[in-house]
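Next input, structure requested:
(one chain, ligands or ions: 3)
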Amino acid sequence: MLDLKITGGHVVLRNEVRRLDIGVKDGRVVRLEDSLADETAAQHYKADGMHVLPGMVDAHVHFNEPAMGHWEGFATGSAALAAGGCTTYIDMPLNGLPPTVSVAAMESKLKAAEGRSKVDYALWGGLVPGKLDQLEPLANAGVIGFKAFMSEPGGDGEERFQRVDEATLLEGMKLIAKLNRVLALHAEDEAMTVMLAERAASSGKGGALDYAASRPIAAECEAVRQALLMAEQTGCALHFVHISSAAAVELIHAAKAQGLDVTLETCPHYLTLTEDDMMNLGAVAKCAPPLRSKEEQEKLWNALAAGQIDLIASDHSPSPPELKQAENFFKTWGGIAGAQSSLELMVDEGHIKRGLPLPLLSQLLSLNPARRFGLYPRKGEIALEADADLAIIDLNHTYTLKSEQLEQRHAYSPYVGRTFSCHVSATFVRGELVYNHSSLVGARVDDQGKWLRYSSRL
Ligand SMILES: NC(=O)NC(NC(N)=O)C(=O)[O-]
Ligand SMILES: [Zn+2]
Ligand SMILES: [Zn+2]
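Ligands and ions are numbered 1, 2, ... in the order given. As a prediction, the model looks like this:
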């Protein structure tokens, strides 16, 4: 007997969408057939008229525990992801204290997460100055890769995550290449952004567009160029996080065409919000790199349609709302709290409005991140023997997002008030229902997210 059958849905596979029923046993997909009508199953979910996608694999979230759970935590952050159809996330090594830059810090991260995550998770380790000797132990302990900041990451206190200097970056790349992991980079040129921010400050400019002007596309491209050069010399696999411009996409794409092992992500906010939104909404729409112009956004969509973008991640990075309030835009916390909306934004804007095929979007949201970071074939697509991590989405359900619907720690998001023409109806992790029609399913002993230790990368 099956544990679960999901019938009537249009199933989004790697290269096509098919009407299939899904049978689940012991957390895995064991049947994918035209009809399982005659099969008995302990649970039956009727997905008639709906689409069944692989759950999103969100490779970039900041859950700030330990010590910074008042910003965002595993319980609330993962609940938001579950409500948005995400079934696995990879937590960034910064914004918790201590940051994940040693095995001891990683252990305290894991302790904070244990038994409190709705969905499955993996961890990034950090590459920071003075801790090169920690890379190998962290890799052995199971981080899926390392993250470094080429510009100041912000945050307070001695212990906070530090920007990487050029020498550490080069040495780190050599070591990470040996460890066969990926180095994820926040690519913005520090010298350029610092100088432009100082210039703005000295001429009394503190508005949203002044902030955006201090982090130009040129700063992103400059950092990308430098990192690509080092990757070429060290053989280190790179992943550029939150790429905001088509010019940077082109640089990375060209390097890939030359044979470099490099990927890039962009985020739903660069595809669905612009600098006008940043002006109108305020710091809730502040991030680094900043939101760009409408024209730039169109170019990014074109790059996505042309297959030049590898994956989509939320970069969910909230703070307490007070830190979003300062008069001077430069002084407010940068980070967009969009965890709950990634899949719906991509399906709505990408598929419903722009006509991009669902399999393409699903590759960007699930398959590609799972493959890149060693989570495939358990995660990333709906296939026999894969974990039954599923997002059921209704493409005929229009709704306007209200802050009360947000499951995250602080109920703000730049998407509140936005009308979506699709809605996640249910989310399953390893065959367990973790979210159902606008309400989370209460914690059960057997429905808690598991830590995914790195195994091997394709
Ligand atoms: N310290 C952060 O969480 N920063 C994040 N903030 C953004 N993107 O605005 C990031 O990923 O760079
Ligand atoms: Zn970043
Ligand atoms: Zn981030």
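
just checking, what's the longest helix in the protein?
In the chain, with assignment by DSSP state H, the single longest helix is helix 217-234.

what comes up buried for it?
By 16 or more other C-beta atoms under 10 Å, the buried positions in helix 217-234 come out as 217, 219-224, 226-228, 230-231, 234. In this view, the C-beta of every residue, glycine as well, is placed from N, C-alpha and C.

In a markdown table, list these along with distance to L361.
Shown next, in a markdown table, are these (distance: C-beta to C-beta, whole Å):
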| residue | distance to L361 |
| --- | --- |
| I217 | 25 |
| A219 | 29 |
| E220 | 24 |
| C221 | 26 |
| E222 | 31 |
| A223 | 28 |
| V224 | 24 |
| Q226 | 31 |
| A227 | 27 |
| L228 | 27 |
| M230 | 32 |
| A231 | 28 |
| T234 | 33 |
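
Show me what the longest helix of the chain is packed up against.
helix 166-179, helix 190-202, strand 237-240, helix 246-257 (3 or more C-beta pairs under 8 Å, 6 or more residues apart in numbering; DSSP states H and E).

Check what contacts the third one and list those residues.
To tie it back to what came earlier, the one meant is strand 237-240. Residues outside strand 237-240 that contact it (C-beta atoms under 8 Å, 6 or more residues apart in numbering) are 59, 145, 176-177, 180-185, 187, 224, 227-228, 231, 248, 252, 260-265, 310, 372.

Tell me the strands beside it, with direction?
The pairing partners recorded for strand 237-240 under DSSP bridges are strand 182-186 (parallel), strand 262-266 (parallel).

quick one: that strand to chain centroid distance?
Centroid separation for strand 237-240 versus its chain: 15 Å, with C-alpha atoms, centre = their mean, to the nearest Å.

Flag every residue of the protein that's near ligand 3.
Counting by C-beta under 5 Å from the ion, the residues of the chain lying close to ligand 3 are 315, 317.

can I see the domain layout of the chain?
Following automatic domain parsing, one finds the domains of the chain at 2-52+386-445, 56-372.

what about the stretch 301-450 of the chain, any weak spots by pLDDT?
Applying pLDDT under 70 to the stretch 301-450 of the chain picks out residues 438-447.

Could you list the residues of it in contact with ligand 1?
315, 317, 334-335 (C-beta under 6 Å from any ligand atom).

quick one on the thing from earlier: wondering if the longest helix of the chain reaches ligand 1 at all.
No. Against ligand 1, helix 217-234 shows no contacts by C-beta under 6 Å from any ligand atom, the least distance being 12.0 Å.

May I see the helices and strands packed on helix 217-234 arranged in JSON lines, with mean neighbour count and mean pLDDT as well?
As requested, the helices and strands packed on helix 217-234 are exported to JSON lines (neighbours: other C-beta atoms under 10 Å; pLDDT from 0 to 100):
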{"stretch": "helix 166-179", "mean neighbour count": "18", "mean pLDDT": "98"}
{"stretch": "helix 190-202", "mean neighbour count": "15", "mean pLDDT": "98"}
{"stretch": "strand 237-240", "mean neighbour count": "24", "mean pLDDT": "99"}
{"stretch": "helix 246-257", "mean neighbour count": "19", "mean pLDDT": "98"}
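
returning to what we had before: tell me which of the domains of the chain lies nearest to Y454.
Within the domains of the chain, the stretch nearest Y454 is domain 56-372; the backing value is 4.6 Å (C-beta to C-beta).

how long is the closest one end to end?
End-to-end span of domain 56-372 (C-alpha to C-alpha, to the nearest Å): 14 Å.

and that domain, how far from the chain's centre?
8 Å.

for the stretch 351-458 of the chain, what spans make up the strands?
Remark: strands assigned in the stretch 351-458 of the chain by DSSP state E, counting those that start in this stretch are 390-394, 399-400, 419-420, 423-429, 432-436, 439-440.

Does S366 touch D58 like I think?
No. Counting by C-beta atoms under 8 Å, S366 stays clear of D58, with 9.5 Å between them.

tell me the contacts of the residue in the stretch 201-350 of the chain that ligand 3 sits nearest to?
Here the stretch 201-350 of the chain gets closest to ligand 3 at one residue, D315, 4.3 Å apart by C-beta to the ion. D315 sits next to 60-62, 241-242, 267, 269, 287, 335-336, 338 when contact means C-beta under 8 Å, 6+ apart.

from the stretch 351-458 of the chain, which residue is nearest to ligand 1?
P414 (12.0 Å; C-beta to the nearest ligand atom).

Any figure for the gap between that residue and L291?
9 Å (C-beta to C-beta, to the nearest Å).

Would you mind giving the secondary structure of V143?
Classification of V143 using DSSP: H, G, I helix; E, B strand; the rest coil returns coil.

Just give the nearest non-adjacent residue to it, would you?
G125 (3.7 Å; C-beta to C-beta, 6 or more residues apart in numbering).

what are the bridge partners for that neighbour, then?
Beta-bridge pairing for G125 (DSSP bridges): F146.

And it, how far from G235?
19 Å.

Name the residue in those two with the higher neighbour count.
Using other C-beta atoms under 10 Å as the criterion, G125 and G235 rank with G125 on top: 31 against 13.

can you pull the contacts of the more buried one?
Each residue near G125 by C-beta under 8 Å, 6+ apart is listed here: 93, 100-101, 106, 134-135, 138-139, 143, 145-147.

export the residues you listed to TSV and tack on pLDDT, distance to ligand 1 and neighbour count?
TSV is the format used below for the contacts of G125 (pLDDT from 0 to 100; distance: C-beta to the nearest ligand atom, whole Å; neighbours: other C-beta atoms under 10 Å):
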residue	pLDDT	distance to ligand 1	neighbour count
P93	98	10	27
T100	98	13	28
V101	98	14	25
M106	98	18	24
Q134	98	20	22
L135	98	20	23
L138	98	19	27
A139	98	22	20
V143	98	17	27
G145	98	15	29
F146	98	14	30
K147	98	9	28
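
Which neighbouring elements make contact with the one helix or strand A59 maps to?
Assessed by DSSP states H and E, A59 sits inside strand 56-61. On a contact count with 3+ C-beta pairs under 8 Å, 6+ apart, strand 56-61 meets helix 74-83, strand 86-91, helix 342-345, helix 368-372.

and if we set it to 10 Å?
Judged by 3 or more C-beta pairs under 10 Å, 6 or more residues apart in numbering; DSSP states H and E, strand 56-61 is in contact with helix 74-83, strand 86-91, strand 120-126, strand 182-186, strand 262-266, strand 311-312, helix 342-345, helix 368-372.
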